[in-house]
Structures are given as structure tokens and as C-alpha cells.
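Asks: show me how the following folds:
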Amino acid sequence: SMAKIRQYEIMWDLVNKMRSKGILNIETFCIIMRKYARAQKVNEAIYTFNIMSKYDVSPNLSAFNGLLSALSKSKNIRKAQEIFYEKKHQFEPDSKTYSILIDGWGRAPNLPKAREIFREMVNSGCSPDIVTYGIMVDVLCKAGRTDEAIEIIHEMESVGCLPTSFIYTALIHAYGIQNRIEDAIDTFFRMERNLVKPDVAVYNALISAFCKVEKFRNAYKVIDEMHRKRVSPNSRTFNILISGLIDRGEAKEAGKVFYRMTKVCEPDADSYTMIIKMLCDKNEVDVAFKVWKYMKKKQFDPSLHMFSVLINGLCSQGDETLACVLMEEMIERGIRPGRHTFRKLRELLLKKERKDVIEFLEDKISLLVKEPLWD
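Replies: So this is what the prediction gives:
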């Protein structure tokens, strides 16, 4: 759009002003590369790196890593790898360079390529640091290769690099997904024996592992231990429990956990969505609306999914008035209703012979989008 083009023009005007004042540096260009990469303007990000010297800023390894990181984080890891091979002879890659690439391939996800880059790093004589090891363990755990992750941990320990809480978290979480609860518990105890202090992420991984095998009593004991160790549970801690209880059909208990959560920390979007959907599914739409009002009182902005869940629930109960109020609020917030939700409300309004309200809502929506919302 013209507005975007103008933004980039202003950005480069500012760069020229900074140049005249002699205050341009590597970080300036890294910010520009990130901005282009996020907008999927890959060629412009690379061009920015290539013209640095014209602005009297010599590109160094930090700038090279900045470019690779910008490309990798914007899901352009193949391009980042291509640039790495093209320019690695100009800049001697360090552990950060390789970490960026391994992380990018891990997110792709492409485990063979992440493995290949890790081995290439070691063979080139560049020693992995704790960050590199952590990324590699995380990539392997997410791919379900826990045994291979253990080999990497042994490798790092052999060179005096001790596992961090991040590494233990990745391992416990992977064991939880595989229903290997004993291994998850053993890993937690090993971590404590190695004098690594558990943080909220480690505890959350352990709680998740217990919930996966429906050992909720143990999960509650972990929360009690967190309080004893003065580690504050976060919204994720409670969301794990709520999700597990809902899956098990224990709605009442999930409601109690949500209430307890409100006394300890602020619920997040997932918390509200899960509870509101659970109540609507149980035809307790009036209670769901009370949760909605509590959420609004806390000045929490509802998402498309939250609006949809409650509007669908209200439609199922035949409450077109409240459903329309929410639909109007949703549109006024600039959120485009989903086809399924709008169709459901439209059918209810037709049944109640309220074509005038349908036209009113469609007029409001037409200001947002041109596409029809029903077939």
C-alpha cells in the first residue's frame, strides 16, 4: 500500500539524517533488516545488509548474524542458509551464527537439516555453547527424539557444559507427551540433584506430564511445592490443569481451578476461552456470560475466538438479543465475524423474523469486508 511505501521512505530519510550526524551503527541496520524480513521483503533485507558500507558502517559478524536471525525468525530459513554459505568466508561464523541456523531449521521443522548444521559446526572447529546445546536438545525433544537429546546432554556434560532449566524443561515436556511419566519425574529429580533451581516452566512441564496420564492429585502436589519453593504459578500452570480436567469431563473441578487461578494470577485468552466454551457446551450460558463480564471488568480484550464461542452458545439457547449485542460489539472492534458464527446467528434471526436486524448487521460488516459471510 501507499502508506507502507511512505513508511519505508520516512525510515530511509531518517537513516540519511543519522548518517549526516554520524550516529549510524550496526544496530540501526539490524532493525531495518528485521522490519523488512517481518514484512516478507527478503530481498530488501539482504539489500540493506549489502549497502551498509555505502553508509560508512562496516558489516561485521554481528550484522551478519542479525541478517540471518531476521530471515530465520521470519520463516525464511532456506534463504538464511543460502546467505550463510555465500558469505561465511567473509565472516568467521561463531556459536551464535550456528545457533540461529539450527533454531531456524528446528522451527521449520526440519530435524535432519538441524542435525547436519550442528555437526557441521562441530566439524568446523566451532564449539557449541550452552545456547546451541539448548536449542539442539529442544529441537530433538520436539521431534520426539528424547534418546538422541540425552546423547547431546552427555556430550555437553563431557565438555563441562551443564544443562540449564531450559534443557530440563524440554526433556520433561517431551517425556510427558510420550506418556513416560517415570522418566519425567527422574529428570526433575536429577535436575534438583544437579542444583539447578526449577523455574515455573519446569514445573509447568511436570504438571503437564502428570495431567497427560490423568494423575491430577500429583499435579496439585506440584503446585503446592511451587508455593513452598516461592515459585509463582502463571496462567499457563492453571491452563494446563483446566484443559486436562475439561478433557476428562470434570467441568466442576475445572471451574474451581479457574476460580483459584483468579486469586493467584491473571487469566489469559486461553483461560477465558476454555472456561466460556466449557460452560456453553454444558448449556450454562448464563454462567459463561458472568465470566465474560468479569473478563471485561478486568479490561481484557476478547478475541475473535472468544466472541465466536459465546455468540454460538447464546444462539444455541435462542438468545438472539444478547448474541446481537456481542456481534455488534465485535464488528465495532474491527473483528470480522467467522462464517459459521454469522450463519448461526442469521438462521436464529430468520426464525425470529428479524430480517431488519440481519440487514443492520450486514451493513455494519460491509464497512469491514466486501466478501459475503454466508452462502
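
Asks: longest helix anywhere in this structure?
Replies: Once the chain is assigned using DSSP state H, the helix that runs over the most residues is helix 2-20.

Asks: any low-confidence regions in this protein?
Replies: Applying pLDDT under 70 to the chain flags residues 1-3, 369-375.

Asks: domain parsing for it?
Replies: Per the record, the chain has its domains at 1-89, 234-300, 303-375, by automatic domain parsing.

Asks: now render the ones you listed as TSV, adding distance to residue 177 and mean neighbour count.
Replies: The C-beta positions use only the backbone N, C-alpha and C, and glycine is treated the same way. Output for those, formatted as TSV (distance: least, Cβ to Cβ, whole Å; neighbours: other Cβ atoms under 10 Å):
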stretch	distance to residue 177	mean neighbour count
domain 1-89	24	16
domain 234-300	13	18
domain 303-375	24	16
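
Asks: would JSON lines of these with distance to residue 172 be doable?
Replies: As requested, the domains of the chain are exported to JSON lines (distance: least, Cβ to Cβ, whole Å):
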{"stretch": "domain 1-89", "distance to residue 172": "26"}
{"stretch": "domain 234-300", "distance to residue 172": "13"}
{"stretch": "domain 303-375", "distance to residue 172": "29"}
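
Asks: what's the spacing between residue 353 and residue 293?
Replies: Distance from residue 353 to residue 293, counting by Cβ to Cβ, to the nearest Å: 30 Å.

Asks: where along the stretch 251-375 of the chain do the helices fall?
Replies: 251-264, 269-281, 285-297, 304-316, 320-332, 339-351, 355-366 (DSSP state H, counting those that start in this stretch).

Asks: between those, which gets nearest to residue 146?
Replies: The closest approach between residue 146 and any of the helices of the stretch 251-375 of the chain, judged by Cβ to Cβ, belongs to helix 269-281 at 26.2 Å.

Asks: show me what the closest one is packed against.
Replies: helix 235-247, helix 251-264, helix 285-297, helix 304-316 (3 or more Cβ pairs under 8 Å, 6 or more residues apart in numbering; DSSP states H and E).

Asks: can you pull out the residues in contact with it?
Replies: Residues outside helix 269-281 that contact it (Cβ atoms under 8 Å, 6 or more residues apart in numbering) are 235, 238-239, 242-243, 246, 251, 254-255, 258, 261, 267, 285, 287-288, 291-292, 295, 300, 302-303, 305-306, 309-310, 312-313, 316.

Asks: and the angle from it to helix 285-297?
Replies: Calculated by axes from the mean of the first three to the mean of the last three Cα atoms, to 10 degrees, helix 269-281 forms an angle of 160 degrees with helix 285-297.

Asks: could I get the longest helix of the chain in PDB with only the CA atoms?
Replies: Below are the C-alpha coordinates for helix 2-20, written out as PDB (Å, rounded to 0.1, in the frame of the first residue of the first chain):
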ATOM      1  CA  MET A   2       1.000   3.600  -0.400                       C
ATOM      2  CA  ALA A   3       1.000   4.100   3.400                       C
ATOM      3  CA  LYS A   4       3.600   1.300   3.700                       C
ATOM      4  CA  ILE A   5       5.800   2.700   0.900                       C
ATOM      5  CA  ARG A   6       5.700   6.100   2.600                       C
ATOM      6  CA  GLN A   7       6.700   4.400   5.900                       C
ATOM      7  CA  TYR A   8       9.800   3.000   4.300                       C
ATOM      8  CA  GLU A   9      10.600   6.300   2.600                       C
ATOM      9  CA  ILE A  10      10.500   8.000   6.000                       C
ATOM     10  CA  MET A  11      12.700   5.300   7.500                       C
ATOM     11  CA  TRP A  12      15.400   5.900   4.900                       C
ATOM     12  CA  ASP A  13      15.100   9.700   5.300                       C
ATOM     13  CA  LEU A  14      15.800   9.100   9.000                       C
ATOM     14  CA  VAL A  15      18.800   6.900   8.100                       C
ATOM     15  CA  ASN A  16      20.200   9.700   5.900                       C
ATOM     16  CA  LYS A  17      19.800  12.200   8.700                       C
ATOM     17  CA  MET A  18      21.500   9.900  11.200                       C
ATOM     18  CA  ARG A  19      24.300   9.500   8.700                       C
ATOM     19  CA  SER A  20      24.800  13.200   8.400                       C
END
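
Asks: and it, what other elements does it pack with?
Replies: Partner elements for helix 2-20 (3+ Cβ pairs under 8 Å, 6+ apart): helix 26-38.

Asks: what helices or strands is the helix it packs on leaning on?
Replies: Against helix 26-38 (3+ Cβ pairs under 8 Å, 6+ apart) you get helix 2-20, helix 42-50, helix 61-73.

Asks: turn those into TSV, including distance to residue 331.
Replies: What follows is the helices and strands packed on helix 26-38, written out as TSV (distance: least, Cβ to Cβ, whole Å):
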stretch	distance to residue 331
helix 2-20	23
helix 42-50	35
helix 61-73	33
